[in-house]
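>>> Sharing a sequence plus its predicted fold:
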Amino acid sequence: GENVEQHPSTLSVQEGDSAVIKCTYSDSASNYFPWYKQELGKGPQLIIDIRSNVGEKKDQRIAVTLNKTAKHFSLHITETQPEDSAVYFCAASLYGNNRLAFGKGNQVVVIP
Amino acid sequence: EPEVTQTPSHQVTQMGQEVILRCVPISNHLYFYWYRQILGQKVEFLVSFYNNEISEKSEIFDDQFSVERPDGSNFTLKIRSTKLEDSAMYFCASSESGQGVGQPQHFGDGTRLSIL
């Protein structure tokens, strides 16, 4: 089955700087890549997603890029704020298959 | 904004007992899912459910697990005879559709299941 890996496991950034989290996936047939943010005591919240027919997608301070050849995708957060501190999960799924394969998560800490 | 709700937030059960975890998916969603996360490990897919039947299940979802949509709003996960290794956070999710490329899944806040 699909295997998703996330790096780094913990990321500390100064407020206002950018944060980048990278994920790799194993199955070249995967074509849907969502990112989730999880705050303490809450469930994963979908923040952005990308499909394999697109190379990049932006939503305000958040962007996701996809490199199908290298089988990796990244989350970019610009102008980080303290409320961006959370665990971020990447995931992948195959066409017609709703099973999401998750990475292990990244703890992002924004230092005021 | 509509959300997935799960109850209880924390369930403590003796090993060997049956437990039922409850979820109310987003009202216009048609596909429902259960995932679990054992402490320190990845979130793992258990099962997906559509049109009153299981559409896919993982190797984790063995005979001790079952799912049901008992009425028009609830979606439940039953674990028949709990084991210590069933201790985990269980997440329910729902999506509007399950067809085509990538349907966004929205998650509840989870039920923490502790088996003693």
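Yes, it's here.

>>> Could you use CA atoms for every contact and neighbour count after this?
Noted.

>>> ok, the residue nearest to residue B:2 when sequence neighbours are not counted - contacts?
Distances taken as C-alpha to C-alpha, 6 or more residues apart in numbering or on different chains place residue B:26 nearest to residue B:2, at 6.1 Å, with adjacent residues excluded. Shown in contact with residue B:26 (C-alpha atoms under 8 Å, 6 or more residues apart in numbering or on different chains): B:2, B:3, B:4, B:94, B:95.

>>> What score does the nearest residue to residue B:50 once chain neighbours are set aside have for pLDDT?
Closest residue to residue B:50 in three dimensions, ignoring its sequence neighbours and counting by C-alpha to C-alpha, 6+ apart: residue B:31, at 5.0 Å. At residue B:31, the predicted lDDT confidence score is 93.

>>> State the distance from residue B:9 to chain A.
Here residue B:9 is placed at a distance of 10 Å from chain A (C-alpha to the nearest C-alpha, to the nearest Å).

>>> How about residue B:70?
According to C-alpha to the nearest C-alpha, residue B:70 stands 22 Å off from chain A.

>>> ok, residue B:20 - contacts?
So residue B:20 contacts B:76, B:77, B:78, B:79 (C-alpha under 8 Å, 6+ apart).

>>> Who is it paired with across the strands?
residue B:78 (DSSP bridges).

>>> Residue A:8 touches residue A:23, doesn't it?
No: the criterion here is C-alpha atoms under 8 Å, and residue A:8 misses it with residue A:23 at 9.1 Å.

>>> Look at those two and report which has more neighbours.
Per other C-alpha atoms under 10 Å in any protein chain shown, whichever of residue A:8 and residue A:23 has more neighbours is residue A:23, with 24 against 14.

>>> May I have the strands that pair with whichever strand or helix holds residue B:55, each with its orientation?
Under the criterion of DSSP states H and E, residue B:55 resides in strand B:53-57. Paired strands of strand B:53-57, with direction, are strand B:43-50 (antiparallel) (DSSP bridges).

>>> what does the strand it pairs with contact?
Here strand B:43-50 makes contact (C-alpha under 8 Å, 6+ apart) with A:98-104, B:30-37, B:54-61.

>>> Find the closest residue to chain A in chain B.
The nearest approach of chain B to chain A comes at residue B:109, 3.7 Å away (C-alpha to the nearest C-alpha).

>>> how many neighbours does that residue have?
Neighbours around residue B:109, by other C-alpha under 10 Å: 24.

>>> isn't it right up against residue B:6?
Yes: counting by C-alpha under 8 Å, residue B:109 touches residue B:6, with 6.6 Å between them.

>>> between the two, what contacts are shared?
By C-alpha under 8 Å, 6+ apart, no residue touches both residue B:109 and residue B:6.
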